[in-house]
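Student: Just need the structure, nothing else, for what follows:
(2 chains)
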Amino acid sequence: MTIRPLLDVTDLRVTFAVRRDGDMPWTPARQLHAVGGVDFTLNPGETLGIVGESGSGKSTLARALIGLVQAQGRAEWVDGADLIGMTPRQMLKYRSDIQMIFQDPVASLNPRMTVGQIIAEPLTTHHPDLGRAEVKARVKSMMDKVGLLPNQINRYPHEFSGGQAQRIGIARALIVEPRLIICDEPVSALDVSIQAQVINLLIRLQRDLGLALIFIAHDLSVVKHISDRVLVLYLGKVMEIASAADLYSAPQHPYTQALMSAVPIPDPTVDAAKSVVPLTGDLPSPMNPPSGCVFRTRCPRAQPACAEQVPALMGGDHQVACHFPGPLTEAEIAGARARAQTVPA
Amino acid sequence: MVIEQDKMTSLANRMAEHEVKGRSPWADARKRFVRNKAAMAGLIILILVGLFALFGDYLAAWSNEELDYNVMGQVRELGAPSIASGHYFGTDDLGRDLYARTVQGTRISLMVGIVGAAIAVIVGTLYGATAGYVGGRCDQIMMRSVDILMSIPYMFVLILLLVIFGRSIGMLFLGIGLISWLDMSRIVRGQTLTLKNREFIEAARATGVPGWRIVLRHIVPNLLGVVAVYATLLVPLMILTESFISFLGLGVQEPLTSWGALISEGASTMNYGTLWQLAFPLFFFCITLFGFFFVGDGLRDALDPKDR
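Tutor: Model (predicted):
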């Protein structure tokens, strides 16, 4: 028997209407496809890493799941409810199950509220009948859990360092005992030693509380460390989903391979010896995405067929959306290098 | 190195025992404000003027309604300020005690200023924050109606109101209240738009905090700095408006008086050599305006240390 996934997302799309300055009220707005049909499942207690370069729709995907931006498609929660297209009142019930941790730890805390008030806010929103003393006791025990001194409950966010502020953010997310936490680049604003502390805290809390995590980052080594499975996003589309071990040892999609080859290795001799697959050009505009496979404009293996048909996400546990998956050959890497040199940087 | 285990544990316990009192952004601002000499001087002046308005009556030898028949007709010779006659500030043209009249005028002028600013703060803040937070069409409608109200020359409307409905202090409050919140709502809306997309607002929305609670708990407290500064600068503007209306002879009605009315009377008798009738009300008027402006400046510097 297979376990029922905690979250089953099918064909999730987020489209923004973009109006240019000077457009007449009746000119139709242009469509920006920030997320263009994403499918994935997430099992209870699992960590799904989402990687992709800036502008690939990672954060928009997270905001769509939590209802901060309008989306189309289906995101089925474990009890069968569809999280997309719920009224705010219906959604309120699920908001305590899904919490979010934000990128900029200091900006995500209201500077005029004490730490105690900030951490208590989800609790008082979802359980308005709790007494003051009970709320305070829970806040203190949660502060203790995330490694903050409970006696600092009356301090203000500006009195904390970035790492401590992120712990406050984590405490705020955990206080309502959620089943899923969406982490939107939770460590990219922190320095490396603090990153490790926060990541290890998240891993420990996940193990203790049985949380599922959606972990968004553009640091591939961080994602590898924390994730069970990894989803690679490019221009709002899924390129590859696989278990972290599989994806990092045997990436199938040319884009994933290019990403992996760009990860710096903390050893100069090994780093100099590795073969980098350079990608030329920028991310195409999501207003006007390429036909067929969205990656074909930068792919070292692009064929005429890639422009015609959108590749479907195929495979069992290791799913790839590519017409010609498989490791890049030496010739293809050399070709990509040659192209990179002709295009001025 | 040997660390005394029990000493360390007792230290750790002591550190964990007390809840540390945090320094709120308000406390920081208060400290900066107190260090600002000009602002503190302004504040002291305002406190003194306030005390004068509240308790000045108890020192007066004459009430503000009595006429001093001895002085009447010889105001220039006998009505000059003197301690002996009990007319500390002299008398006005009719022989009324100017000290008592100034106390009365101060009360009314301060009240007009504070009520006007309070209306602006309450209505303007809530209106602007709502428009900015809700956004979209609602924002458009709300702000365009503010634009329309602003395009009406308010002095003209105020004068019409006073002429049609009679000159009364209530009508003056109403007229000033109607116009004072417009600017405030614009400023607040602009600030709200910048706050709205901050991550802590997004965090509150993601948790499901209802919209009105976000406005009251997250947006308004972060706006209050700007609002406080603008409100302290608005009080003297309201006083000026009222004084101008009263100077024109349309504001408060006898036997009530205000700084504007007193200055107007004093100015009209300047030629007869009774300069004190102009000087005393004008002195209070000026120091109060200075006081408010200094305090407003000080507040701005204290609340926005980055913008200096």
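Student: Quick check: buried residues in the helix or strand containing residue B:156?
Tutor: Following DSSP states H and E, one finds residue B:156 within helix B:154-164. Within helix B:154-164, the residues that qualify as buried are B:154, B:158, B:161, B:162, counting by 16 or more other Cβ atoms under 10 Å in any protein chain shown. Yep, even glycine has a C-beta here, placed from its N, CA and C like the rest.
Student: Out of these, the closest to residue A:75 would be?
Tutor: Sorting those by how near they are to residue A:75, with Cβ to Cβ, puts residue B:154 at the top with 52.9 Å.
Student: coming back round to it: same for the helix holding residue B:156, what does it pack against?
Tutor: When contacts are defined as 3 or more Cβ pairs under 8 Å, 6 or more residues apart in numbering or on different chains; DSSP states H and E, helix B:154-164 packs onto helix B:169-196, helix B:220-247.
Student: Contacts for it, please.
Tutor: Helix B:154-164 is contacted from outside by B:171-172, B:174-176, B:178-179, B:241, B:244-245, B:248, B:250-251, using Cβ atoms under 8 Å, 6 or more residues apart in numbering or on different chains.
Student: Return the distance of it from the chain's centre.
Tutor: Between the centre of helix B:154-164 and the centre of its chain there are 22 Å (Cα atoms, centre = their mean, to the nearest Å).
Student: What's the mean pLDDT across that helix?
Tutor: Predicted confidence along helix B:154-164 averages 83 (mean pLDDT).
Student: With respect to burial, which of the helices and strands packed on helix B:154-164 scores highest?
Tutor: Comparing these by mean neighbour count (mean count of other Cβ atoms under 10 Å in any protein chain shown), helix B:220-247 comes out on top with a mean of 22.
Student: how about residue 294, what does it touch?
Tutor: If you meant another chain, say so; for now it's chain A. So, once contact is read as Cβ under 8 Å, 6+ apart, residue A:294 ends up touching A:36, A:234, A:235, A:236, A:237, A:284.
Student: Hmm, no, I was thinking of chain B.
Tutor: Residue B:294 makes contact with B:38, B:39, B:41, B:42, B:43, B:45, according to Cβ under 8 Å, 6+ apart.
Student: and with 6 Å instead?
Tutor: Remark: with contacts taken as Cβ atoms under 6 Å, 6 or more residues apart in numbering or on different chains, residue B:294 is in contact with B:38, B:39, B:42.
Student: Residue A:303 now?
Tutor: With contacts defined as Cβ under 6 Å, 6+ apart, residue A:303 has no neighbours.
Student: What does the pLDDT read for it?
Tutor: The per-residue confidence score, pLDDT, reads 84 for residue A:303.
Student: if I look at it, how far off is residue A:322?
Tutor: Distance, residue A:303 to residue A:322, by Cβ to Cβ, to the nearest Å: 11 Å.
Student: backbone phi and psi for residue A:74, please?
Tutor: phi -140, psi 130 (degrees, to the nearest 10).
Student: which residues does it bridge with?
Tutor: residue A:10 (DSSP bridges).
Student: Around chain B, which positions in chain A sit nearby?
Tutor: Residues of chain A found near chain B (Cβ under 6 Å from any Cβ of the partner chain) are A:66, A:68, A:92, A:95, A:100, A:102, A:104, A:107-112, A:114, A:122, A:125, A:151-156.
Student: thinking again about what came up before, list only buried entries from the contacts of residue B:294.
Tutor: The neighbour-count test (16+ other Cβ under 10 Å) marks B:39, B:42 as buried among the contacts of residue B:294.
Student: Just give me the closest of the contacts of residue B:294 to residue A:222.
Tutor: Out of the contacts of residue B:294, the member with the shortest distance to residue A:222 (by Cβ to Cβ) is residue B:39, at 48.6 Å.
Student: a helix runs through the closest one, doesn't it?
Tutor: Yes. For residue B:39, which was evaluated using DSSP: H, G, I helix; E, B strand; the rest coil, the result is membership in a helix.
Student: Show the pLDDT at it.
Tutor: Per-residue confidence (pLDDT) for residue B:39: 89.
Student: Could you find the closest non-adjacent residue to it?
Tutor: With sequence-adjacent residues excluded and distances taken as Cβ to Cβ, 6 or more residues apart in numbering or on different chains, residue B:39 is closest to residue B:298, at 2.2 Å.
Student: For that neighbour, give me its contacts.
Tutor: So, once contact is read as Cβ under 6 Å, 6+ apart, residue B:298 ends up touching B:33, B:36, B:39.
Student: which of those lies closest to chain A?
Tutor: Proximity of the contacts of residue B:298 to chain A, judged by Cβ to the nearest Cβ, is greatest for residue B:33, which lies at 17.0 Å.
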